[in-house]
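A.B. asks: Next comes the sequence, and after it the predicted model I'd like to discuss.
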Amino acid sequence: MDLVIRPALPGEYAALGEITAEAYLRDGLLDFGADDPYLDVLRDVAGRAAACEVLVAVARDEVLGGVAFVPSGGPMADIAGPGEAELRMLAVDRAARGRGAGEALVRACADRARATAGCVRLVLSTQRTMHTAHRLYERLGFVRTPRRDWNPLPHLDDIRLLTYALTL
């Protein structure tokens, strides 16, 4: 498979938005299922692209997945502090999983973080149930940072995002 990682093109935003929303929905990662308001955020690739770099994994002109790379201090950052970049909303189409797209997207974010002046760490948040993603992150050198775990919806006690960091 000829897999290419590159910035998303505006004509690909809708497809990537659906891939991302479907991945989160079908993997049971949304608290309110199909009624979850976060689905609108996941579909808004144009909004992400205006605030950070959105990368896609493409094979034979088909978008397989994507990720948001947030350089230090970017408005899309959830947990990144000074000297850190963040990756967010990593998603791969179910039909394309196991073909290396997710790993290639994470590696591309790490490469971009290394190329960002003053950046010493790449950080991310993940849900407890995303065991396949955890294995990928750990295989690529990320380590758990439990002291940074957080709750994006403080009014819901059972939601706690786990955090990982890759020292560059």
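C.D. replies: Yep, that arrived. Numbering: from 1, shown residues only.
A.B. asks: for the protein, what spans make up the strands?
C.D. replies: Using DSSP state E, the strands found in the chain span residues 3-7, 53-59, 62-70, 84-92, 121-126, 143-144, 162-167.
A.B. asks: could I get those strands as CSV with mean neighbour count, mean pLDDT and distance to A34?
C.D. replies: (Each C-beta comes from the backbone N, C-alpha and C, glycine too.) Listed next are the strands of the chain as CSV, based on neighbours: other CB atoms under 10 Å; pLDDT from 0 to 100; distance: least, CB to CB, whole Å:
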stretch, mean neighbour count, mean pLDDT, distance to A34
strand 3-7, 14, 97, 30
strand 53-59, 22, 98, 24
strand 62-70, 25, 98, 21
strand 84-92, 25, 96, 17
strand 121-126, 22, 97, 22
strand 143-144, 13, 98, 31
strand 162-167, 19, 97, 25
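A.B. asks: can you map out the helices along this protein?
C.D. replies: Ranges of helices within the chain are 13-26, 38-43, 45-51, 101-115, 131-139, based on DSSP state H.
A.B. asks: Could you export those helices as CSV, including mean neighbour count, mean pLDDT and distance to L161?
C.D. replies: Below are these laid out as CSV (neighbours: other CB under 10 Å; pLDDT from 0 to 100; distance: least, CB to CB, whole Å):
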stretch, mean neighbour count, mean pLDDT, distance to L161
helix 13-26, 20, 94, 13
helix 38-43, 17, 93, 13
helix 45-51, 17, 97, 18
helix 101-115, 19, 98, 17
helix 131-139, 14, 94, 12
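A.B. asks: need those in TSV with distance to R60, can you?
C.D. replies: TSV is the format used below for the helices of the chain (distance: least, CB to CB, whole Å):
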stretch	distance to R60
helix 13-26	14
helix 38-43	24
helix 45-51	21
helix 101-115	12
helix 131-139	23
